[in-house]
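In: Quick one: sequence plus predicted model below, questions after.
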Amino acid sequence: MIIAEGLAAWPEDLVNRYRELGYWNGKTLDQYLRESAEHYGDKEAITDGDVRLTYKDLVQLSDGLALNLSKRGFGSGDCLVVQLPNCWEFVALVYACARIGVVPIMALPGHRSNELSYFVDHSQARAIVVPDYIKGFDHQAMAWEVAKRCPTVQDVFVVGEAVSENSVDLRSLIQVPEVAQETQDILDKLRPDSQDVALFLLSGGTTGLPKLIPRSHDDYGYNFRQSSEVCGFDSNTVYLVALPASHNFPLACPGLLGTLYVGGRVVMARSPEPEYCMGLISSERVTVAAAVPAVAQRWMDAKMENPNHDLSSLQVIQVGGAKIAPELARKVRPVLGCVLQQVFGMAEGLLNYTRLDDSDDVICNTQGKPMSPDDEIQIVDELDIRVSDGEMGQLLTRGPYTLRGYYRAPEHNVRSFTSDGWYRTGDVVRWDASGNLVVEGRTKDLINRAGEKISAEEVENLLYRLPSVAQAAAIALPDKRYGERNCAVVVLREGCDGLTLSEIRAAMEEFGVAKYKFPDQLEIMESLPTTNVGKIDKSLLRKQLTSPESPTQA
Ligand code: OOB
């Protein structure tokens with residue numbers, strides 16, 4: 001598969017500019033790890049339960065894996081769908097892929113056969129990497145089901161104890177290579193170009209299934225380097241990965257890649273569960289953790305319930321993925337005893353951070369400002385005309401780490417980008433007097449459920465697969481726990497007996513859809529309101545369903 005054919009490149013003058021300014025420095029992701037190992041070789045890089053790896057260990061193990069992958073025929077431009085929980089093997093795999101130009105597609109542990117087959121088909125992936133089980137779910141069996149449907153898949157790699165005969169035990173490939181110099185020589189010849197795609201992130205898509213976001217070594221390297229700088233990361237940083245590591249936020253904002261770049265230590269948490277994470281923060285002396293607002297809220301509740309948790313090492317909690325309510329933001333310092341940093345980012349690129357030394361007012365009430373002097377921002381109205389200063393409008397952006405097009409998605413790209421390359425974020429924002437952005441809403445039709453983005457259209461398409469559904473709308477309703485919940489509003493076909501939420505959820509399970517996309521609530525109506533152009537009027541529906549008179553508000 002020649003990836004370059006499906007990519008939209010940055011214009012040449014900008015490529016030159018980003019290079020001259022040193023944003024793009026010609027390094028591949030694995031080179032950053034190698035450089036850290038030169039300075040901090042014997043220092044602990046990763047803590048994952050009982051496993052503690054030094055920088056030297058991590059370099060050697062990922063080189064061993066790179067060598068073994070290349071012996072199995074994987075090389076430049078080959079894609080792998082990676083679905084792993086937070087574990088040291090995930091990190092070794094990311095660096096191993098970077099070393100030889102193999103491109104991981106960062107699937108989430110929650111994805112199911114429906115999503116995985118789509119990623120494989122779209123990227124022509126040659127392998128799928130899964131754990132054996134998570135919470136009783138057999139990922140290996142699912143990977144094989146997908147592999148049977150998708151002829152490009154040649155291997156299923158498994159991390160875990162229960163590796164079946166036809167799968168390959170990934171751990172058996174992660175070895176320290178025997179002759180170091182020989183290995184280096186072989187691998188150096190296989191190193192990709194820094195402009196090549198290093199990995200594919202997934203968009204929080206508004207249409208159908210998520211789009212693939214190509215991130216090059218050059219642009220992603222700048223993403224985590226500049227983030228580390230803005231966030232004050234250094235070799236004393238101990239960073240907790242509590243959100244799924246395949247998300248941009250914990251991966252590279254500054255995330256685990258940014259921590260390893262500065263010689264810090266990464267602590268892998270299997271879940272964001274409050275008691276477990278509080279325990280890790282105190283036993284590992286974690287200094288920085290990243291959370292979505294729903295997780296931050298649960299951590300704060302846990303700390304208030306059990307004030308004995310020792311969080312004295314914690315200096316910063318980064319919160320992003322969805323807007324944190326100012327009231328919750330104000331409680332962070334008194335409850336957790338650390339600084340809050342708001343992160344308004346997107347897998348597509350642009351990252352905004354409140355700065356650590358901003359006033360409490362800015363930290364609690366804004367979503368920060370762009371991290372790069374070369375991030376370009378425009379706030380426009382529906383006609384793409386700039387609004388006046390301080391007015392709300394749609395956020396458009398370009399810059400040294402913001403994509404120019406989704407992978408192999410020309411039709412979608414026409415809608416998501418202006419003709420001169422601005423990415424339409426779908427967020428409605430304004431500049432506040434302090435020079436920071438405030439997120440006020442969005443134009444994109446999705447449900448932001450605890451930071452996971454669910455495309456309304458995708459949910460609707462799934463609902464239409466049910467024989468009893470005549471009309472369907474998926475809408476976001478406010479939710480105490482998740483920030484937003486996914487509400488399915490349905491008109492039934494004449495003569496059908498009815499439909500329940502559990503029937504919908506069972507059908508979606510049958511379709512092989514990720515659980516986080518299942519509706520949380522069902523409303524059956526006689527008809528759906530429409531706008532004057534005949535589209536379902538979702539804002540009216542939302543109003544009806546959230547009004548105090550609504551029966552669902554009881
Ligand atoms: C992060 O990335 P995605 O790709 O899952 O979602 C991006 C979208 C943004 O366009 C915005 O709608 C929303 O998530 N969002 C926020 C926010 N952070 C993200 N809305 C309000 N306030 C915030 N702080 O979510 C992501 C990627 C990198 C770092 C952090 C978050």
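Out: Looks like it came in fine.

In: Residue in the stretch 1-150 of the chain with the shortest distance to the ligand?
Out: The minimum distance from the stretch 1-150 of the chain to the ligand, using C-beta to the nearest ligand atom, falls at Leu108 (10.2 Å). Using the backbone N, CA and C atoms, a C-beta is placed for each residue, glycine as well.

In: Spatially central residue for this structure, please.
Out: Note on the chain: the residue nearest the mean C-alpha position is His247, at 2.3 Å, using C-alpha atoms, centre = their mean.

In: and the closest residue to the ligand within the stretch 151-300 of the chain, what is it in contact with?
Out: At 3.7 Å from the ligand, Phe249 is the closest residue in the stretch 151-300 of the chain, using C-beta to the nearest ligand atom. Contact partners of Phe249, counting by C-beta atoms under 8 Å, 6 or more residues apart in numbering, are Leu243, Gly255, Ala290, Gln318, Gly320, Gly321, Val343, Gly345.

In: Which ones among the residues you listed lie within strands?
Out: Those of the contacts of Phe249 mapping onto strands are Ala290, Gln318, Gly320, Val343, Gly345, per DSSP state E.

In: Got the domain ranges for this structure?
Out: Taking automatic domain parsing as the criterion, the chain consists of the domains 54-193, 228-442, 446-546.

In: quick one on the thing from earlier: which ones among the contacts of Phe249 come in contact with the ligand?
Out: Restricting the contacts of Phe249 to those within reach of the ligand (C-beta under 6 Å from any ligand atom) leaves Gly320, Gly321, Val343, Gly345.

In: Pull the contacting residues for the nearest residue in space to the second one that is not next to it in sequence.
Out: If I follow you right, that is Gly321. If you skip the residues right next to it in sequence, Gly321 has Gly451 as its closest partner in space, 3.1 Å away by C-beta to C-beta, 6 or more residues apart in numbering. Residues near Gly451 by C-beta under 8 Å, 6+ apart: Leu243, Val292, Pro293, Ala294, Val295, Gly320, Gly321, Ala322, Gly483.

In: repeat for Arg171
Out: For Arg171, the contacting residues are Glu89, Val159, taking C-beta under 8 Å, 6+ apart as the criterion.

In: and it, what helix or strand is that in?
Out: Counting by DSSP states H and E, the element that carries Arg171 is helix 170-173.

In: next structured bit after that helix?
Out: helix 180-190.

In: So which of the contacts of Gly451 sit within helices?
Out: Using DSSP state H to define helices, the subset of these located there is Pro293, Ala294, Val295.

In: re the thing from before, got the ones next to the ligand among the contacts of Phe249 as TSV, with pLDDT columns?
Out: Output for the ones next to the ligand among the contacts of Phe249, formatted as TSV (pLDDT from 0 to 100):
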residue	pLDDT
Gly320	98
Gly321	98
Val343	98
Gly345	98
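
In: quick one on the thing from earlier: okay but the residue nearest to the centre of the chain is in contact with Ala107, surely?
Out: No. In this structure His247 lies outside contact range of Ala107 using C-beta atoms under 8 Å: 10.9 Å.

In: What helix or strand is the residue of the stretch 151-300 of the chain closest to the ligand located in?
Out: Following DSSP H and E, one finds Phe249 within helix 248-252.

In: how deep is the residue in the stretch 401-550 of the chain that the ligand sits nearest to tucked in, by neighbour count?
Out: Relative to the ligand, the nearest point of the stretch 401-550 of the chain is Val439 (3.9 Å; C-beta to the nearest ligand atom). The tally of other residues near Val439 (other C-beta atoms under 10 Å) stands at 19.

In: Direction included, what does the host helix or strand of it pair against?
Out: Assigned by DSSP H and E, Val439 falls within strand 437-442. Take DSSP bridges as the rule and strand 437-442 pairs in its sheet with strand 423-431 (antiparallel).

In: How far off centre is the partner strand?
Out: Relative to the centre of its chain, strand 423-431 is centred 19 Å away, using C-alpha atoms, centre = their mean, to the nearest Å.

In: what does stretch 62-69 give?
Out: Averaging C-alpha positions (C-alpha atoms, centre = their mean) puts stretch 62-69 25 Å from its chain's average.

In: Kindly report the same for stretch 302-317.
Out: With C-alpha atoms, centre = their mean, you get 26 Å for stretch 302-317.

In: now do the same end-to-end measure for it.
Out: Between the opening and closing residues of stretch 302-317 lies a distance of 15 Å (C-alpha to C-alpha, to the nearest Å).

In: Now that stretch: buried residues?
Out: Using 16 or more other C-beta atoms under 10 Å as the test for burial, stretch 302-317 gives Ala302, Lys303, His309, Leu311, Ser313, Leu314, Gln315, Val316, Ile317.

In: Please apply the same query to stretch 526-539.
Out: For stretch 526-539, the buried set under the neighbour-count rule, 16+ other C-beta under 10 Å, comprises Leu528, Ile536, Asp537, Lys538.
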